[in-house]
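Undergrad: predicted model and sequence below, questions to follow.
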Amino acid sequence: MSLGPDLQKVPLANIIAGQKFLMSFARPLQPLLCSIRQIGQTTPLLARETRRGPELFSGFRRLAALKELGKKSVLVLTWKGSRLSEKQALRMAFFENVAVRGLNLVEQAMAVTAFQNLGLSKKSITRSCFLPAALPASAAVIDSLAGLMLLEHDWKIFLVEKNISLRHASELARLKPEERSALKTVLPLRPTASQFREILETTTEIARREQMSVAELFQNSELRAILSAQGQPAPQKLESLLQALHKIRHPHYVRLMARHTRLCQHLSIPAELEIVPTDFFEKPQYQLKMALTPRTEARKIFQKLLTAASSPAWKKLFELDEQN
Amino acid sequence: MSRIKRVFLARNLSQDQRALKLIARIEPRQIMEVENVLAANAWLEQFPDPLAQGKQSLFLTEFPGRFLEPCPCTKGYFRCGYWNLHPVVGCPIDCSYCILQEYLNSYPIQVYLNLDDLFAEVVSFRRAHPNRRIRLGTGELADSLALEPELGIARRLIAFFRQEKNFVFELKTKTDRIEIFSNLSASEKIVVSWSVNPADTARSEENSAAEISARLAAAQKLARRGWPVGFHFDPLLDWPGENSYLALVDEIFRTVPASQIAWISLGSLRFASRLKPLLKERHRGSRIPGGELFPGRDGKLRYLRPLREKLYRSLVRRIREHNSRVLVYLCMEPEPMWQELLGASPRLIRKELALPLSERKHFRPG
């Protein structure tokens, strides 16, 4: 009697492929289809024998590819159920997948959920699975990953495609479904990962400050107008949206900058000069920038600057009371 | 009942009488011997929020370094001349904005048992600098009273500093735990001070701190018994609004005789940007991450200078209306701002801060 696993040819229809061990998400099947079509199945599926038949625990994508190619039987490495517990099988599937292709964020979340469903504690998942697999882990990380399973399918796809970090993915998962639904209106604008992070952070921070939901924030007339504008290309819409959010996020700063621009216009300084606030107005000083060309008439420019410096608007530049 | 659930004890102190007595007094549910604080950290990481667990845990050890250090303040801003003394590092109160969440390298509250070394260091400092007047306190990396009387550290520090000539010693707290003062006579060299914020804000952002009314009642009790008291409007936040802060100033002057107020400090919210994700994660109801914060000269995030100045100006004016000689100073702000808003030389303010009320020439509200 064999103690180890047996390599068998098994009718494909007999394979039991449930959700229990599944940790594959948003992986293209095409490369596998291509490979199997060319050289056949070179790596067996992994299964444990049960009363109902061989239960697949690793090789879900291979199985899907074989099915699609119309194969009737498949190579399976089968362990006797009594020799390989469900927990052991899941752990094997986890390490096999980590080693062969790595796990994206949603797959990590699926793995955590699978381990938790089989009764593993956060500590066990951290110490006996995630850390040995060189995946970042702690009780907090495990909780965050488990939370991602609450996300709707579209969001999971987005997170994986854009390679969004766990921190931001968790922030998204903590929103209420109606808030995520409001946020989803920006996805057709095809934001990059960093643009999405900015939108997520800005909207959630405004919502916190104003003690409203992200969904309520998206009722803002300016945001609605931008998002519903017809005929404008997505990149332009996205740029307008980011600018509008910036205005809502930093109202005092925007006001100070507008005042600054107004005062600079009053000063009538030459076009070659620019007066620039330093460190977000933190220092009571400005930088003077000057564009020089061979034709620059420095004397005239400085004379105009001297005139500007004696005007009331110049003094006001330094009186930064917010009410001014 | 003690706030402390568990005690980690440094293995080399497993038979130490100071540690054993302290443990007997605290009666923790769990006692664990560990090699060092990293081992305690590792143990606490089994929880989703190790910081929260750390606030209910002590690590008893000895501190091999210097207990007394000048407050580093922050790059590019004016120093108030404060010195930090840290027999305890860490705090059981869980304020959303607390920088210790990202600043410290340990989850548990570290309690250093070698207090005799601390006293020896202070004596040696005084001998080396016999003419130097110093204002110092234990409230920068800990709450000075939150774990009293269990720890018994504040009581020993009070006994020590009331005998010392060159120091004004501050116990800074957000609690109303003033039991240890019940049998003590007042000393003008010991100032008990409270960090304050409007009641609603304190309730929402200063988790497990005492209500503001309780803090003020505690201040009133001590002030009436002759203890000098102080108040720190720190951190000032942007959403309670100027009027809430002004009302709090009025409340303080209604509650506490101005003659007993050693100082009032004003400091607006500031923190290193790396605190923000932690703050968002740990304090999900906090409004702080929504604040309009920009990096200052030191890289820390703060409100825009014009907004800070406006609030400081109003507060200083209101304080002066109550008493023109109460000493007001700013925390982590540039020198020109001190000069402009406080109407006195920053160096003079700094000098008087380190003197007991009776020895001051300018800022003596009595």
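TA: Now that the structure is in, tell me what you want to look at. Computed from a predicted model, the values in this text were never measured in an experiment.
Undergrad: double-check that residue B:231 belongs to a strand.
TA: Yes: Residue B:231 sits within a strand when classified using DSSP: H, G, I helix; E, B strand; the rest coil.
Undergrad: tell me how many other residues crowd the nearest residue to it once chain neighbours are set aside.
TA: Leaving aside its sequence neighbours, residue B:231 sits nearest to residue B:264 (Cβ to Cβ, 6 or more residues apart in numbering or on different chains; 4.8 Å). All C-beta atoms are positioned from the backbone trio N, CA, C, and that covers glycine. If you count neighbours by other Cβ atoms under 10 Å in any protein chain shown, residue B:264 ends up with 23.
Undergrad: let me see the contact set for residue B:264.
TA: Counting by Cβ atoms under 8 Å, 6 or more residues apart in numbering or on different chains, residue B:264 touches B:230-233, B:252, B:319, B:326-329.
Undergrad: of the residues you listed, closest to residue B:274?
TA: residue B:232 (23.9 Å; Cβ to Cβ).
Undergrad: and stretch A:109-128, is it in reach of chain B?
TA: Yes: using Cβ under 8 Å from any Cβ of the partner chain, we find that stretch A:109-128 touches chain B at A:122-123, A:126.
Undergrad: end to end on that stretch, go ahead and measure it.
TA: Length of stretch A:109-128, first residue to last, Cα to Cα, to the nearest Å: 16 Å.
Undergrad: quick one: average pLDDT of that stretch?
TA: In this model, stretch A:109-128 carries a mean pLDDT of 96.
Undergrad: so what's residue B:270 bridging to?
TA: When assigned by DSSP bridges, residue B:270 has beta-bridge partners residue B:302.
Undergrad: could you measure from it over to chain A?
TA: According to Cβ to the nearest Cβ, to the nearest Å, residue B:270 stands 11 Å off from chain A.
Undergrad: now do the contacts for that residue.
TA: Counted by Cβ under 8 Å, 6+ apart, residue B:270 has contacts B:74, B:235, B:296, B:300-302, B:332.
Undergrad: contact partners for the closest residue to chain A within chain B?
TA: Residue of chain B nearest chain A, by Cβ to the nearest Cβ: residue B:290 (2.6 Å). Contact analysis of residue B:290 by Cβ under 8 Å, 6+ apart lists A:205-210.
Undergrad: what's the closest non-adjacent residue to it?
TA: Leaving aside its chain neighbours, residue B:290 sits nearest to residue A:209 (2.6 Å; criterion: Cβ to Cβ, 6+ apart).
Undergrad: and the residue of the stretch 151-300 of chain A nearest chain B?
TA: residue A:209 (2.6 Å).
Undergrad: wait, that residue touches residue B:239, no?
TA: Yes: between residue A:209 and residue B:239 a contact is recorded at 7.1 Å, counting by Cβ atoms under 8 Å.
Undergrad: the more surrounded of the two?
TA: residue A:209 (18 against 15).
Undergrad: tell me how far residue B:71 lies from residue B:105.
TA: 19 Å (Cβ to Cβ, to the nearest Å).
Undergrad: the two - which one has more neighbours?
TA: For residue B:71 versus residue B:105, neighbours defined as other Cβ under 10 Å are more numerous around residue B:71 (17 against 9).
Undergrad: ok, now which ones touch that one?
TA: Taking Cβ under 8 Å, 6+ apart, we find residue B:71 in contact with B:79-80, B:82-84, B:140.
Undergrad: spell out which residues of the stretch 251-366 of chain B are next to chain A.
TA: By Cβ under 8 Å from any Cβ, the residues of the stretch 251-366 of chain B that approach chain A are B:277, B:280-281, B:284, B:286-287, B:289-292, B:294-297, B:302, B:304-307, B:309-310, B:336.
Undergrad: now the buried members of these.
TA: Among those, those buried by neighbour count (16 or more other Cβ atoms under 10 Å in any protein chain shown) are B:280-281, B:286-287, B:289-292, B:294, B:296, B:302, B:304-307, B:309-310.
Undergrad: which non-adjacent residue is nearest residue B:213?
TA: residue B:199 (6.9 Å).
Undergrad: how about the contacts made by the closest residue in space to residue A:195 that isn't next to it in sequence?
TA: Distance criterion Cβ to Cβ, 6+ apart; nearest residue to residue A:195, sequence neighbours excluded, is residue A:238 at 6.4 Å. Neighbour list for residue A:238: A:186, A:189-191, A:195 [criterion: Cβ under 8 Å, 6+ apart].
Undergrad: for the helix or strand hosting residue B:350, list every residue counted as buried.
TA: Element membership for residue B:350 (DSSP states H and E) is helix B:346-353. Of all the residues in helix B:346-353, those buried under the rule 16+ other Cβ under 10 Å are B:346, B:349-353.
Undergrad: same for it, what does it pack against?
TA: Packed against helix B:346-353, as judged by 3 or more Cβ pairs under 8 Å, 6 or more residues apart in numbering or on different chains; DSSP states H and E, are the following elements: strand B:328-330, helix B:335-342.
Undergrad: repeat the analysis, applying 6 Å as the threshold.
TA: helix B:335-342 (3 or more Cβ pairs under 6 Å, 6 or more residues apart in numbering or on different chains; DSSP states H and E).
Undergrad: in CSV, could you pull the C-alpha coordinates for the helix it packs on?
TA: What follows is helix B:335-342, C-alpha atoms only, in CSV (Å, rounded to 0.1, in the frame of the first residue of the first chain):
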residue,chain,number,x,y,z
GLU,B,335,10.3,83.2,17.5
PRO,B,336,8.8,86.1,15.6
MET,B,337,5.4,84.7,16.3
TRP,B,338,6.2,84.6,20.0
GLN,B,339,7.4,88.2,19.9
GLU,B,340,4.4,89.4,17.9
LEU,B,341,1.6,87.6,19.7
LEU,B,342,2.8,87.5,23.3
